[in-house]
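*Asks:* 3D, please:
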Amino acid sequence: MEQIYTIPVNEAFEASAANPACGCPFCSLHGKLEDDELELILGASMMEPDVRIQTNKEGFCRTHYDMMFVRKNRLGMALTLESHLAELTKDLSEGGLTALMSAPGQKPIKRIGVLEQSCYVCRRIEFNFGHMVETAVLLWKSDEEFRKKLAAQPYFCLPHYRRFLLCASEDLPKKKFGELEKLCASIENAYIQKLNEDVSWFCKKFDYRYDKEPWYDSKDAVERAIRFLRSDLHVSPEAKK
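*Replies:* Reported below is the predicted structural model:
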């Protein structure tokens, strides 16, 4: 029986099985999570005290600052920045007891170092995405229909392929993991072979001897290779349509 937490995973795998252009289902899941988090942080969650405490503490990475900036909610972003900057002003101050107990400059060095490694949106995505990978493993173990969806996937990007296998290796019995690994490997091997052929043909098309030959499937081979090697992240689901 389908549970609420399995719905987004099933939908992503169904979409990629039906339309190979959707690409890696885990990239789609990551993109949906990211889109939802950015929508919330500039909307409903913006004024919630517990959320504001966390965004003041963690801030955002440059990627997510940029993604918030282009969403055209300048007021929402400014309000978030206002309280974040106010808290940072206090955190970076060398005054008070801290100044007497530590060498000069240590407080801002420590606080900025922590800030450079933190992002509220990244942390939220990572937490929820980890559960989605676990859910995919659970569905493989318990749902015959999901096994058919997985078998129909066009490919998994390499970072998510590794993560899926790692999660499965830690959760599945040896025999079941062997079945999953064999199926995933066949999907990946078929895709990387096709990708090799398309990239090679793309290169040949710049040789005058192949000028009159058709492009076949190679026109977007470079883009597809990048998505396969490094994931298709930080792109709005709307922009992919």
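
*Asks:* C-alpha only now, for contacts and for neighbours.
*Replies:* Noted.

*Asks:* So which elements touch whichever strand or helix holds K194?
*Replies:* Assigned by DSSP states H and E, K194 falls within helix 174-204. Judged by 3 or more CA pairs under 8 Å, 6 or more residues apart in numbering; DSSP states H and E, the packing partners of helix 174-204 are helix 144-151, helix 158-171, helix 221-230.

*Asks:* buried residues in the first one?
*Replies:* Taking 16 or more other CA atoms under 10 Å as the neighbour-count basis, helix 144-151 is seen to contain the buried residues F146, R147, K149, L150, A151.

*Asks:* Let's have the residues you listed in JSON lines, adding pLDDT and distance to H234.
*Replies:* Shown next, in JSON lines, are those (pLDDT from 0 to 100; distance: CA to CA, whole Å):
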{"residue": "F146", "pLDDT": "97", "distance to H234": "27"}
{"residue": "R147", "pLDDT": "97", "distance to H234": "28"}
{"residue": "K149", "pLDDT": "97", "distance to H234": "25"}
{"residue": "L150", "pLDDT": "98", "distance to H234": "24"}
{"residue": "A151", "pLDDT": "98", "distance to H234": "26"}
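
*Asks:* Tabulate these in TSV, adding columns for distance to L165.
*Replies:* Converted to TSV, these look like this (distance: CA to CA, whole Å):
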residue	distance to L165
F146	16
R147	15
K149	17
L150	13
A151	15
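
*Asks:* and which of those is nearest to E188?
*Replies:* Of all the buried residues of helix 144-151, E188 sits closest to A151, with 11.0 Å by CA to CA.

*Asks:* correct me, but the closest one touches L183?
*Replies:* Yes: assessed by CA atoms under 8 Å, A151 is found in contact with L183 at 6.9 Å.

*Asks:* Next secondary structure after the lowest-mean-pLDDT helix or strand in the chain?
*Replies:* Ranked by mean pLDDT, DSSP states H and E, the helix or strand of the chain with the weakest confidence is helix 97-101, at a mean of 52. With elements assigned by DSSP H and E, the helix or strand that comes after helix 97-101 is helix 106-116.

*Asks:* and that next one, which residues are buried?
*Replies:* Quick answer for helix 106-116 (16+ other CA under 10 Å): K107, P108.

*Asks:* Run the chain-centre distance for that helix.
*Replies:* 26 Å (CA atoms, centre = their mean, to the nearest Å).

*Asks:* Mean confidence (pLDDT) on that helix, please.
*Replies:* Helix 106-116 shows a mean pLDDT of 91 in the predicted model.

*Asks:* same deal with stretch 18-33?
*Replies:* For stretch 18-33, the mean per-residue pLDDT is 97.

*Asks:* what comes up buried for it?
*Replies:* Neighbour count says stretch 18-33 has C22, G23, C24, P25, F26, C27, S28, L29, H30, G31, K32, L33 buried, by 16+ other CA under 10 Å.
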